[in-house]
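In: Predicted coordinates and the sequence they were generated for:
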Amino acid sequence: MKKWGFLLLVLLSLGITVVNKTEFFNDQVEIKHYEPNHKLDESGASESTQLLEIKEELVYQGNLLLVNNDCPIHEESIKSDVVKLFEHHELTEGYDLLDREILLSEEVANEFSEMIKVAEEEGVRHFSINSGYRDFNEQNLLFQTMGSDLALPAGHSEHNLGLSLDVGSTLMKMSEAPEGKWIEKNAWKYGFILRYPKDKTHVTGIQYEPWHIRYVGLPHSAIIQEKNLALEEYMDYLKDEKTISATVNGEEYTVTYYPISGNTTIRIPRNRKYEISGNNMDGVIVTEYES
């Protein structure tokens with residue numbers, strides 16, 4: 001018996017399962033309205049939560065910021081980890097760059113790189129990044145050159161955040177390419193959303209762009225995919241629900257929206273990990289998870 005076969009037999013006998021994320025990713029996303037039931041002490045905290053003061057500027061920081069014609073970017077919104085991709089070869093394996101000057105958040109580039117590795121395993125391997133982060137001057141020049149039908153003014157484009165990128169295929173247009181079809185079907189599993197879907201132009205005000213993806217992270221990308229929401233609609237959904245729970249690929253998340261006016265105190269978990277992001281309008285979103 002070959003060594004690998006013997007090793008696999010040993011692992012199975014010990015009850016250890018060898019899992020390939022691509023093959024076993026659970027496409028089912030379970031979402032529930034959630035009513036927290038925390039018994040508070042005199043300080044407002046509880047056994048499972050503690051209090052945290054949120055400064056108003058946090059409303060304009062994080063991966064869930066809504067940016068459009070009505071919600072401009074603030075200076076503190078721009079990702080601080082923007083890098084030149086050409087100088088980071090570990091981030092660009094498996095895809096091409098349109099030019100050597102493309103910039104992107106390092107966090108987002110890492111997630112994109114991991115996603116492309118999975119696509120390559122499935123036989124889809126002709127990706128390129130055609131655009132990433134743009135500063136206001138570059139965005140303004142693009143707006144003046146292309147006009148309002150094809151570009152957004154400086155400060156109103158997601159490209160000014162560092163969280164969005166334009167993905168291309170080296171074979172053909174993304175609307176027809178296997179790469180475009182793969183992105184539309186699978187990107188949500190890795191924290192990305194198709195920001196301007198074909199059926200949401202009336203919501204986003206932007207024409208269908210099969211090449212423009214935006215990083216929001218899990219579980220948000222999964223909820224957006226499951227409920228077929230544009231990012232604008234997702235922000236409204238969280239405001240309406242206040243708190244929801246979501247199970248994505250076996251991981252349980254709790255997502256809570258808090259309105260923020262000035263410096264505000266909110267409750268955060270004591271025994272769970274959490275992330276906080278502003279919505280770029282009027283509040284923050286706390287995402288709790290175990291691992």
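Out: That came through, no problem. What you see is a predicted model; the values in this text were computed from it and never measured.
In: Local confidence estimate at the residue nearest to the spatial centre of the chain?
Out: The centroid of the chain falls nearest to Val216 when counting by Cα atoms, centre = their mean (1.8 Å). Val216 carries a pLDDT score of 98 in this model.
In: quick one: it and Leu51, what's the gap?
Out: 27 Å (Cβ to Cβ, to the nearest Å). Yep, even glycine has a C-beta here, placed from its N, CA and C like the rest.
In: Relative to Glu252, how far out is the residue nearest to the centre of the chain?
Out: The gap separating Val216 from Glu252 is 18 Å, by Cβ to Cβ.
In: Next: Ile102.
Out: From Ile102 across to Glu252, the span is 36 Å (Cβ to Cβ).
In: cool, Ile183 as well?
Out: For Ile183, the distance to Glu252 - Cβ to Cβ - is 27 Å.
In: got it, and His220?
Out: From His220 across to Glu252, the span is 14 Å (Cβ to Cβ).
In: partner residues bridging Leu103?
Out: Beta bridges link Leu103 to Lys84, Tyr133, judged by DSSP bridges.
In: who's in contact with it?
Out: Residues in contact with Leu103 (Cβ atoms under 8 Å, 6 or more residues apart in numbering) are Val82, Val83, Lys84, Leu85, Gly132, Tyr133, Arg134, Gly162.
In: Can you tell me which of those residues are buried?
Out: Neighbour counting by 16 or more other Cβ atoms under 10 Å classes Val82, Val83, Leu85, Gly132, Tyr133, Arg134, Gly162 among these as buried.
In: In this structure the fifth one contacts Glu158, no?
Out: No: proximity of Tyr133 to Glu158 does not meet the contact threshold set by Cβ atoms under 8 Å, at 9.7 Å.
In: looking at it, Gly278 is touching Asn63, isn't it?
Out: No: in terms of Cβ under 8 Å, Gly278 does not count as a neighbour of Asn63; the distance is 9.7 Å.
In: okay, these two: which has more neighbours?
Out: Higher neighbour count among Gly278 and Asn63: Gly278, with 25 against 21, using other Cβ atoms under 10 Å.
In: give the contact list for the more buried one.
Out: By Cβ under 8 Å, 6+ apart, the contact set of Gly278 is Leu58, Val59, Tyr60, Gln61, Gly62, Leu64, Leu65, Ile260, Val284, Ile285.
In: And Gln50, how close does it get to Gln61?
Out: 21 Å.
In: what sits against Pro72?
Out: By Cβ under 8 Å, 6+ apart, the neighbours of Pro72 are Gly155, His156.
In: Tell me how far it lies from Lys84.
Out: If you measure Pro72 against Lys84 using Cβ to Cβ, the figure is 25 Å.
In: Likewise for Leu141?
Out: Counting by Cβ to Cβ - Leu141 and Lys84 are separated by 19 Å.
In: What residues does Ser164 make contact with?
Out: Neighbour list for Ser164: Gly132, Glu158, Arg195, His212, Ile213, Arg214, Tyr215 [criterion: Cβ under 8 Å, 6+ apart].
In: my bad, should have said Gln225
Out: Gln225 neighbours (Cβ under 8 Å, 6+ apart): Val29, Trp188, Ile193.
In: and with 6 Å instead?
Out: If you count contacts by Cβ atoms under 6 Å, 6 or more residues apart in numbering, Gln225 has them with Trp188.
In: re the thing from before, state the distance from the residue nearest to the centre of the chain to Arg270.
Out: Taking Cβ to Cβ, one finds Val216 at 26 Å from Arg270.
In: Quickly list the domain ranges of this protein.
Out: The record assigns the chain these domain ranges, following automatic domain parsing: 26-64+216-291, 79-215.
In: ok, of those domains, where does mean pLDDT dip lowest?
Out: Among these, domain 26-64+216-291 scores lowest, at a mean of 88.
In: Return the distance of it from the chain's centre.
Out: With Cα atoms, centre = their mean, to the nearest Å as the basis, domain 26-64+216-291 stands 14 Å off its chain's centre.
In: Stretch 84-103 too?
Out: In terms of Cα atoms, centre = their mean, the centre of stretch 84-103 is found 20 Å from the chain centre.
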